[in-house]
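*Asks:* no sequence for this one, just the structure:
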């Protein structure tokens, strides 16, 4: 059996440093993605950045200044209306994003193809926001506006965000054209999926439920040959109404083939259910 590794508990100072690092790097990635992919291709994929893209095209207003003009009042309103949930970390995100937008305003576009701009701009924004969220913060903007709307109207947060971003994309269709609005939807979809990946990660583990009549032999084989723990649960057969043991095992993808071989060798008639486990915390996997 493998020796258990004793990991030092993360101290509050280390946790704070990590969070602020995520916030600053994440906000910088969002800003750079905006300047080199979204703005040059006139892709207004929601949020305050989308509003600033539209106003830049219509009036020539500097996007970084526009973002400050929206984000700071929204942050103040969020603190006054929604309470202390919006602390210093979100303020750092709110300030950092427009600052980097201004600092990188002179950078040359990395692509003049609107499809590539929407895809890679969405990936950049999603990656940055995912890091900011992992730092327990936000970059302000329309997320705060959506929460304020939710407080006063009773609408769900998802509906409020969809309503605001939908209006921004619709405005892009009116200001630019329908095709640009479609690119904006691609960017918005890509951003959402990338945030999920950053938050949850790619599925590196498998959660396996095994229903077998060879409970003890199966547990021993998994302990000895796969070197993984087993959690026993009890299920009731829907037809027979008889209790049946269910063994739950979580393994890395690299261990999954070995587990299948072990299960087949012990009980070829075992019923096995396999699902992705996007994040596993605890002994033998990732620490908290």
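*Replies:* Nice, thanks for sending it over. If you're wondering where the values come from, they're calculated on a predicted model, not measured in any experiment. Numbers count the residues shown, from 1 in each chain.
*Asks:* packing partners of the strand or helix carrying residue 216?
*Replies:* With elements taken from DSSP states H and E, the one containing residue 216 is helix 215-221. Under the contact criterion of 3 or more CB pairs under 8 Å, 6 or more residues apart in numbering; DSSP states H and E, helix 215-221 touches strand 243-252, helix 253-266. For every residue, glycine as well, the C-beta is placed using N, CA and C.
*Asks:* report the buried residues of the next helix or strand after the longest one.
*Replies:* This points to helix 253-266. Going down the chain from helix 253-266, the next helix or strand is strand 271-277, by DSSP H and E. Of all the residues in strand 271-277, those buried under the rule 16 or more other CB atoms under 10 Å are 272, 277.
*Asks:* what's the average pLDDT for strand 271-277?
*Replies:* Average pLDDT, strand 271-277: 90.
*Asks:* got the angle between it and strand 243-252?
*Replies:* 40 degrees (axes from the mean of the first three to the mean of the last three CA atoms, to 10 degrees).
*Asks:* give the other helices and strands that strand 271-277 contacts.
*Replies:* Going by 3+ CB pairs under 8 Å, 6+ apart, strand 271-277 lies up against strand 205-211, helix 253-266.
*Asks:* the longest one packs against which elements?
*Replies:* Here helix 253-266 is seen to pack against strand 205-211, helix 215-221, strand 271-277 when contacts are counted using 3+ CB pairs under 8 Å, 6+ apart.
*Asks:* need these in JSON lines (columns: distance to residue 14).
*Replies:* Output for those, formatted as JSON lines (distance: least, CB to CB, whole Å):
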{"stretch": "strand 205-211", "distance to residue 14": "25"}
{"stretch": "helix 215-221", "distance to residue 14": "38"}
{"stretch": "strand 271-277", "distance to residue 14": "26"}
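*Asks:* identify whichever of these lies nearest to residue 196.
*Replies:* strand 271-277 (12.5 Å; CB to CB).
*Asks:* run through who's touching that closest one.
*Replies:* 203, 205-212, 250, 256, 260, 263 (CB atoms under 8 Å, 6 or more residues apart in numbering).
*Asks:* show me what contacts residue 24?
*Replies:* Taking CB under 8 Å, 6+ apart as the test, what residue 24 contacts is 92, 96.
*Asks:* tell me the secondary structure for it?
*Replies:* Here residue 24 is recorded as helix under DSSP: H, G, I helix; E, B strand; the rest coil.
*Asks:* so, low pLDDT: which residues of the stretch 151-288 of the chain?
*Replies:* Along the stretch 151-288 of the chain, the model assigns pLDDT under 70 to residues 156-158, 200-203, 283-288.
*Asks:* for the residue in the chain sticking out farthest from the centre, helix, strand, or coil?
*Replies:* For the chain, the C-alpha farthest from the mean C-alpha position belongs to residue 240; by CA atoms, centre = their mean, that distance is 42.7 Å. Following three-state DSSP, the label given to residue 240 is coil.
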